[in-house]
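J.: quick check, what structure comes out for this input:
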Amino acid sequence: MMKSYLPTIILGSGLLTVSGCSSVMTHTGGQEGTYPGTRASYEMLTDSETSWGYKPFVALDMPFTAVADTVLLPWDLFRTDKSLKSRVEASESKNLATNSVIPPVQ
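T.: Residues are numbered from 1 along each chain as shown. Here you go, the predicted model:
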């Protein structure tokens, strides 16, 4: 009985793993905000530096990324990023704001 469902389960797991790549990458990479994967996919589609061979894969993945971002929307709305990367970026932006008023000594 279980043997007949095994290929379906394996195929379904594989499709879930592959779909929404941009969403998974941006959520594990520490980007904040809502729909970060969809925004990243859109930026790759409109960027002139992205290879023409890569853009069709991004376009195919974009609907799955949007669905994954929608599922993760409550997480995006309520999380606060306390990672080391976000703290360093906040410190650097604060330093840049200070240095724009008082230029560093050269």
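J.: just want the most central residue of the chain.
T.: In the chain, the centroid-proximal residue (CA atoms, centre = their mean) is residue 26; its distance is 2.0 Å.
J.: check contacts around that one.
T.: 36-37, 39-40 (CB atoms under 8 Å, 6 or more residues apart in numbering). Placement of C-beta: from N, CA and C, glycine included.
J.: show me these that map onto strands.
T.: Using DSSP state E, no member of those sits in strands.
J.: now, these that are in helices?
T.: Mapping the contacts of residue 26 onto helices (DSSP state H) picks out 36-37, 39-40.
J.: ok, back up a step: pipe the contacts of residue 26 into JSON lines and attach neighbour count and pLDDT per row.
T.: Shown next, in JSON lines, are these (neighbours: other CB atoms under 10 Å; pLDDT from 0 to 100):
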{"residue": "36", "neighbour count": "21", "pLDDT": "89"}
{"residue": "37", "neighbour count": "26", "pLDDT": "87"}
{"residue": "39", "neighbour count": "16", "pLDDT": "90"}
{"residue": "40", "neighbour count": "21", "pLDDT": "88"}
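J.: just flag the most distant two among those residues.
T.: With CB to CB as the measure, no two of these lie farther apart than 37 and 39, at 7.2 Å.
J.: follow-up on the earlier one: could you list the buried residues of the strand or helix carrying the residue nearest to the centre of the chain?
T.: Element membership of residue 26 [criterion: DSSP states H and E] is helix 21-29. Residues 21-24, 26-27 are the ones in helix 21-29 that count as buried (16 or more other CB atoms under 10 Å).
J.: residue 66: which of those residues is nearest?
T.: Looking across the buried residues of helix 21-29 and measuring by CB to CB, the closest to residue 66 is residue 23, at 8.1 Å.
J.: closest to residue 49 among the buried residues of helix 21-29?
T.: For the buried residues of helix 21-29, the nearest to residue 49 is residue 22 (16.3 Å; CB to CB).
J.: quick one, what contacts the closest residue to that closest one other than its chain neighbours?
T.: Nearest non-adjacent residue to residue 22, counting by CB to CB, 6 or more residues apart in numbering: residue 37, 3.9 Å away. Under the criterion of CB under 8 Å, 6+ apart, the neighbours of residue 37 are 20-27, 65-66, 68-69.
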